[in-house]
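Peer 1: Provided below for reference: sequence and predicted model.
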Amino acid sequence: MRDGRKVTLSDVAAHVGVSAITVSRALRTPEKVSLKLREEISRAIDLLGYVPDPAARALASSRTDVIGVIIPSVTNSVFADVLRGIYTAVEKTPFDIQLGNTRYSPLKEEKLLKVFLGQKPAGLIVSGIDQSERGRSLLETASCPVVQIMETGENPVDMMIGFSHYEAARAATIHLIEQGYRKLAFMGARMDPRTQRRFQGFRQAAAEAGLFSEERVVTTAEPSSVSLGSQLFCELIEQAPDLDAVFCINDDLALGVMFEAQRRRLSVPDRLGICGFNDLEMMAAAEPPITSVRTFRYEMGKRAVEMLLEAIAVGRGHRGTIVDLGFEVRKRASTARGSCGASD
């Protein structure tokens, strides 16, 4: 309003010449209002600049039309794919997304959960299964359905969709062994719980074949990058010059290994096999193309929203539901040392 006063629902109603209840009905259940009247109300809203109050709406309906999404990074391409699936799934629904970034901090996640739950969301999507004790308690007592994404586990808060990081890393390591590599190395960064489970999968598969060595393991708490991959590989090959294959916990590190191997004139895959994780677009575009573990991140985000929408529609989640999307080891030239060759 020109006098600085906030435009209210009553202002819109007075402009159209109907009751505030009719305007509210047109906004919340438009199918109950005639098309002509809805168009008049819509024009009045645009003219007056009316913006609905989500807090008041939540008070009236016990929830907002907001789905909260909490992830550890907004710059990581892995989560970009998840978000793309999430936004695709909500595009033609009445719901909006509210995004929170924990920056891999359990305390930040707790704070975001308190803020989001205080705003009465229609549902929550949270990344991972490693919430703090307080964070898990907040999720367990939430008055909305919850979907944990990016991983599967034995004890979901409500619903869960993802895959086993342990089994995926184990399968990738078995692939390296089947290709004839025997001096297997591991490179990891940040080393959050998901990364640690990937290490355990690598370790188990290598140990079962009698091929595990602590000397061929290099990790850091630093966040991943291509340059860090090159740096870690320099450290790795200095302490274990006889290594013949590297399993990297993500594709950034794998690409860094590839660049450093090329600088050192190490033939890939004959002298050195390289395997990444996540199968980002650059893995197939590299030369030689790099083997990686493909995870279905877009589908994960999309189906997580679909699970929430179904739960919202019936008024509750399917507590205990676990959807395992699996994974796929995409075999490419960077590990084609043996007879199996590359798949693409």
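Peer 2: Right, received. Where do you want to start?
Peer 1: Which residue lies nearest the spatial centre of the chain?
Peer 2: Centroid-nearest residue in the chain, with Cα atoms, centre = their mean: residue 79, separated by 4.2 Å.
Peer 1: Tell me how far that one lies from residue 149.
Peer 2: Using Cβ to Cβ, to the nearest Å, one obtains 10 Å as the distance from residue 79 to residue 149. All C-beta spots, glycine's among them, are computed from the backbone N, C-alpha and C.
Peer 1: How about residue 99?
Peer 2: For residue 99 relative to residue 149 (Cβ to Cβ), the value is 13 Å.
Peer 1: Can you report how many residues neighbour residue 325?
Peer 2: Residue 325 is flanked by 15 other residues according to other Cβ atoms under 10 Å.
Peer 1: Give me the pLDDT for the residue nearest to it when sequence neighbours are not counted.
Peer 2: Sequence neighbours aside, residue 296 is the residue nearest to residue 325 in space, at 4.7 Å (criterion: Cβ to Cβ, 6 or more residues apart in numbering). Per-residue confidence (pLDDT) for residue 296: 97.
Peer 1: Wait, residue 296 touches residue 323, no?
Peer 2: No. The pair residue 296 / residue 323 is not scored as a contact, 10.7 Å apart, by Cβ atoms under 8 Å.
Peer 1: Return the per-residue confidence for the closest residue to residue 324 other than its chain neighbours.
Peer 2: Leaving aside its chain neighbours, residue 324 sits nearest to residue 152 (5.1 Å; criterion: Cβ to Cβ, 6+ apart). Here, the pLDDT recorded for residue 152 equals 96.
Peer 1: Okay, strands next: where are they in the stretch 151-300 of the chain?
Peer 2: For the stretch 151-300 of the chain, the strands defined by DSSP state E, counting those that start in this stretch occupy 159-162, 184-188, 217-219, 245-248, 273-278, 291-295.
Peer 1: Each with direction, which strands does the fifth one pair with?
Peer 2: Taking DSSP bridges as the criterion, strand 273-278 pairs within the sheet with strand 245-248 (parallel), strand 291-295 (parallel).
Peer 1: now the lengthiest helix in the chain, how far from the centre of its chain.
Peer 2: Looking across the chain with DSSP state H, the single longest helix is helix 297-314. Helix 297-314 sits 13 Å away from the centroid of its parent chain (Cα atoms, centre = their mean, to the nearest Å).
Peer 1: Show me what that helix packs onto, helices and strands only.
Peer 2: helix 77-90, strand 123-127, strand 146-149, strand 159-162, strand 321-324 (3 or more Cβ pairs under 8 Å, 6 or more residues apart in numbering; DSSP states H and E).
Peer 1: can you list these in JSON lines and add distance to residue 269?
Peer 2: Listed next are the helices and strands packed on helix 297-314 as JSON lines, based on distance: least, Cβ to Cβ, whole Å:
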{"stretch": "helix 77-90", "distance to residue 269": "25"}
{"stretch": "strand 123-127", "distance to residue 269": "33"}
{"stretch": "strand 146-149", "distance to residue 269": "33"}
{"stretch": "strand 159-162", "distance to residue 269": "30"}
{"stretch": "strand 321-324", "distance to residue 269": "30"}
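Peer 1: In the stretch 201-344 of the chain, where is pLDDT below threshold?
Peer 2: 316-318, 338-344 (pLDDT under 70).
Peer 1: re the thing from before, pull up the overlap in contacts between residue 79 and residue 149.
Peer 2: residue 127 (Cβ atoms under 8 Å, 6 or more residues apart in numbering).
Peer 1: For residue 270, give its distance to residue 299.
Peer 2: For residue 270 relative to residue 299 (Cβ to Cβ), the value is 36 Å.
Peer 1: Check the burial of residue 315 by counting its neighbours.
Peer 2: Neighbour tally, residue 315, other Cβ under 10 Å: 7.
Peer 1: so what's it up against?
Peer 2: Counting by Cβ under 8 Å, 6+ apart, residue 315 makes contact with nothing.
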